[in-house]
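Enquirer: sequence plus the predicted model coming up.
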2 protein chains.
Amino acid sequence: MRVLVPYAEAEPKTRLSPLLSATERRAFSRAMRDDVLAAIEDAGGEPTVLAPEPLDCDVPVIVDDRSLSAAVNAHLEPNTAVVMADLALATPDALLRLFDAPGDVVIAPGLGGGTNALVSRHPDFFVDYHGASFRDHRQIIQEIEADLTVLDSFRLAADIDEVADLAEVLLHGSGRAHDWLVKAGVRIDTGSGRVSVCRE
Amino acid sequence: MRVLVPYAEAEPKTRLSPLLSATERRAFSRAMRDDVLAAIEDAGGEPTVLAPEPLDCDVPVIVDDRSLSAAVNAHLEPNTAVVMADLALATPDALLRLFDAPGDVVIAPGLGGGTNALVSRHPDFFVDYHGASFRDHRQIIQEIEADLTVLDSFRLAADIDEVADLAEVLLHGSGRAHDWLVKAGVRIDTGSGRVSVCRE
């Protein structure tokens, strides 16, 4: 399956700035992207990075400097998947479940109402990533009278935006992003309730 | 399958106190518990509530006032599942995947290192819910030389502890807990990044 992976190199992951410098955030962001690209290839997908500026990458890159939604929609032919580049827990198994799920549109929701990964097989479907995109996508799918399958996956729900999310990478990840965090001295911090992370 | 559902009626869900009163938290907590019990039954499971004090409930209740881990371990015969009562997004499908997954121990991890649901088929397995329990359980499973299957489920990963978690119930829930929140005037609040909730 053809898989678009939106990725912007400038100013990535600003919500991680309490813990990581701008240079570190760029390196960590690339590590997550490369984990995602590898998992897509291992699941039999053909990834293309969709970026606002040219960048160095081992897979084909489409440069499109429009907004995220406009750029994705311009390249969203039927039978295309869109997978975010910050799904550091994505595994080939989780992506196979996504690619193989039935339905005109398949969505793996993200925490907090996002749309972390999707498959579109319907010519009228389009994305709108602004705001609570899962809810908006559900509405679009109703309006075009398409079938929606919601994929129940923790690995695809956990996008890595905030400092607390890094705990998920340390606990459940195993690739470049996990190793990058370990080398950077980021560690699990157990208190009461959910664990978070600290830096040595 | 026999399913233990730990549930304590006193002081539930204190991290929801910015939005809900003590009485409301108790009512919401019961609504989540009843959703979980119904989903377990629809998945063919036989739920038993494990509570520190007697309580009114439509399913059998075991009263055991020891700590959560000690009480669960006292009743954890092989081929028993343990499912937390605050998994408001749990569906029969997600629970069927849990019950049917192979392995001596199956764990559906929670956000932030928790263990939200598990199946134990190994006589030497025991729980330790303190701290980052997913990591501790993985260690216990290694030590007893058992097989672990990690279940990839967003619906079982999303336990409802914090105000932001209520957004997941509003977005993805459909049972008593969802309806309770709607009646209480809790609404999705879309800002930048992940959505949260506010109250009317």
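Expert: Now that the structure is in, tell me what you want to look at. What you are looking at is a predicted structure, and each value in this text was computed from that prediction instead of being measured.
Enquirer: do the longest helix along chain A and chain B meet?
Expert: With secondary structure taken from DSSP state H, chain A has its longest helix at helix A:22-42. No. Interface with chain B: helix A:22-42 contributes nothing (Cβ under 8 Å from any Cβ of the partner chain), its closest point being 12.8 Å away. All C-beta atoms are positioned from the backbone trio N, CA, C, and that covers glycine.
Enquirer: buried ones in that helix?
Expert: Along helix A:22-42, these residues count as buried under the neighbour rule (16 or more other Cβ atoms under 10 Å in any protein chain shown): A:24-41.
Enquirer: how about stretch A:123-134?
Expert: Quick answer for stretch A:123-134 (16+ other Cβ under 10 Å): A:125-129, A:132-134.
Enquirer: could you work out the most separated pair of those residues?
Expert: A:F125 and A:A132 (17.4 Å; Cβ to Cβ).
Enquirer: other SSEs contacting the helix or strand of chain A with the lowest mean pLDDT?
Expert: Ranked by mean pLDDT, DSSP states H and E, the weakest helix or strand in chain A is strand A:196-199, scoring a mean of 78. Judged by 3 or more Cβ pairs under 8 Å, 6 or more residues apart in numbering or on different chains; DSSP states H and E, the packing partners of strand A:196-199 are helix A:166-172, strand A:186-189.
Enquirer: quick one on the thing from earlier: ok now the longest helix of chain A, how far from the chain's centre?
Expert: The chain centroid and the centroid of helix A:22-42 are separated by 10 Å, computed with Cα atoms, centre = their mean, to the nearest Å.
Enquirer: count of neighbours near the residue lying closest to A:D93 once chain neighbours are set aside?
Expert: Residue nearest to A:D93 in three dimensions, not counting chain neighbours: B:D152, with 7.2 Å by Cβ to Cβ, 6 or more residues apart in numbering or on different chains. Counted with other Cβ atoms under 10 Å in any protein chain shown, the neighbours of B:D152 add up to 24.
Enquirer: hmm, A:A158 and B:D152 touching each other?
Expert: No. In this structure, B:D152 is not within contact of A:A158 by Cβ atoms under 8 Å, at 10.3 Å.
Enquirer: roughly how far does the most centrally placed residue in chain A sit from A:R25?
Expert: The centroid of chain A falls nearest to A:M84 when counting by Cα atoms, centre = their mean (2.2 Å). Distance of A:M84 to A:R25, computed by Cβ to Cβ, to the nearest Å: 16 Å.
Enquirer: which bits of chain A sit near chain B?
Expert: A:15, A:91, A:93-94, A:97, A:108-114, A:131-132, A:134-135, A:150, A:152-158, A:161, A:164, A:167-168, A:171-172, A:188, A:190, A:193-196.
Enquirer: do you know how far A:G193 is from B:G113?
Expert: Using Cβ to Cβ, A:G193 is found at 10 Å from B:G113.
Enquirer: what are the ranges of the strands in chain A?
Expert: For chain A, the strands defined by DSSP state E occupy A:2-6, A:46-51, A:61-63, A:80-83, A:105-109, A:115-120, A:148-150, A:186-189, A:196-199.
Enquirer: using CSV, lay out those strands together with mean neighbour count.
Expert: Formatted as CSV, those follow (neighbours: other Cβ atoms under 10 Å in any protein chain shown):
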stretch, mean neighbour count
strand A:2-6, 22
strand A:46-51, 20
strand A:61-63, 14
strand A:80-83, 24
strand A:105-109, 25
strand A:115-120, 26
strand A:148-150, 17
strand A:186-189, 18
strand A:196-199, 16
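Enquirer: using TSV, lay out the ones you listed together with distance to A:I140.
Expert: Formatted as TSV, the strands of chain A follow (distance: least, Cβ to Cβ, whole Å):
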stretch	distance to A:I140
strand A:2-6	17
strand A:46-51	20
strand A:61-63	23
strand A:80-83	14
strand A:105-109	9
strand A:115-120	10
strand A:148-150	10
strand A:186-189	38
strand A:196-199	35
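Enquirer: where among the ones you listed is the average confidence lowest?
Expert: Within the strands of chain A, the stretch with the lowest mean pLDDT is strand A:196-199, showing a mean of 78.
Enquirer: what residues does it touch?
Expert: A:19, A:163-164, A:166-167, A:170, A:181, A:184-189, B:112 (Cβ atoms under 8 Å, 6 or more residues apart in numbering or on different chains).
Enquirer: ok, of these, which come out buried?
Expert: Looks like those have A:19, A:163, A:166-167, A:170, A:181, A:184, A:186, A:188, B:112 buried, using 16+ other Cβ under 10 Å.
Enquirer: what is the most widely separated pair among those?
Expert: Taking Cβ to Cβ, no two of the buried ones among the contacts of strand A:196-199 sit farther apart than A:A184 and B:G112, at 20.1 Å.
Enquirer: neighbour-wise, which of A:G193 and B:G113 wins?
Expert: B:G113 (23 against 13).
Enquirer: wait, the more buried one sits on B:Y129?
Expert: No. If you go by Cβ under 8 Å, B:G113 and B:Y129 don't touch, sitting 11.0 Å apart.
Enquirer: mind putting the buried ones among the contacts of strand A:196-199 into a markdown table with distance to A:A70?
Expert: Listed next are the buried ones among the contacts of strand A:196-199 as a markdown table, based on distance: Cβ to Cβ, whole Å:
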| residue | distance to A:A70 |
| --- | --- |
| A:L19 | 32 |
| A:V163 | 30 |
| A:L166 | 31 |
| A:A167 | 34 |
| A:L170 | 35 |
| A:L181 | 33 |
| A:A184 | 34 |
| A:V186 | 35 |
| A:I188 | 39 |
| B:G112 | 35 |
